[in-house]
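Asks: Kindly generate the corresponding structure for this input.
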Amino acid sequence: MRYKIADEMYEVEDGTEKVSITRSLADVWQGRSGAAGECMNAKCVLRNAASFPHPVLAVSVIKTVVLVVDRPGHAVRYMLSERDSRLIHEHDTEQVGEPGALTLRVPTGTRRQGAYRDRSQPGKRPSFTGAHRRHLVRGEQARVKAAIAATTADAQEGTA
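Replies: Next up, the predicted model:
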């Protein structure tokens, strides 16, 4: 997986363990709203770099995704909770933030790297025969059923 951070492409892999850090009031004040690498959460991550299981060279925070650059051309991806992303939105729009706990979670489910994302058939992988199963819309289903009923009725009248 690749992400664009500050006009450069980075190879990205998912984090291996959850990281819990504390956002201080200084992070809120120093954070620049709307800047992915200088927001309050980015300042918090950089200040708490020792809490991570890998080096922290730079940070980019976008909505629910936190990308931590650990070496040139490579980053580690973490996810934020809904509450934390709501706080980011408030900080970006109203320049309001609050100190508190910040938990960077390991991506799970369909958010993890390499996960299959077809929501039409949960739990199933596609067959690679080239044929895709498409569902009929409701109107088409009714027309097909009517056509089948008409042909079977004609066939039954012809044999009787």
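Asks: Only C-alpha atoms from now on, for both contacts and neighbour counts.
Replies: Will do.
Asks: after the helix or strand bottoming out on mean pLDDT in the chain, next one along is what?
Replies: Least confident helix or strand, the chain: helix 82-94 with a mean of 75, by mean pLDDT, DSSP states H and E. As assigned by DSSP states H and E, the chain's next helix or strand after helix 82-94 is strand 100-104.
Asks: Strand partners (parallel or antiparallel) of that following strand?
Replies: strand 19-23 (antiparallel) (DSSP bridges).
Asks: just to revisit the earlier point, how far out from the middle of the chain is the least confident helix or strand of the chain?
Replies: Averaging C-alpha positions (Cα atoms, centre = their mean, to the nearest Å) puts helix 82-94 17 Å from its chain's average.
Asks: Contacts made by it with the rest, please.
Replies: By Cα atoms under 8 Å, 6 or more residues apart in numbering, the surrounding residues in contact with helix 82-94 are Ser33, Gly34, Asn41, Lys63, Thr64, Val96, Gly97, Glu98, Leu102.
Asks: How about stretch 20-39?
Replies: Contacts of stretch 20-39 (Cα under 8 Å, 6+ apart): 40-45, 48, 51, 58-62, 91-93, 95, 97-104.
Asks: Of these, keep whichever come out buried.
Replies: By neighbour count, with 16 or more other Cα atoms under 10 Å, those hold 40-45, 58-62, 91-92, 95, 97, 102-104 as buried.
Asks: Do a quick rundown of the strands in this structure.
Replies: Here the chain has its strands, by DSSP state E, at 2-5, 8-14, 19-23, 58-62, 65-71, 74-79, 100-104.
Asks: The second one pairs with which strands, parallel or anti?
Replies: Sheet neighbours of strand 8-14, with direction, are listed as strand 2-5 (antiparallel), strand 74-79 (parallel) (DSSP bridges).
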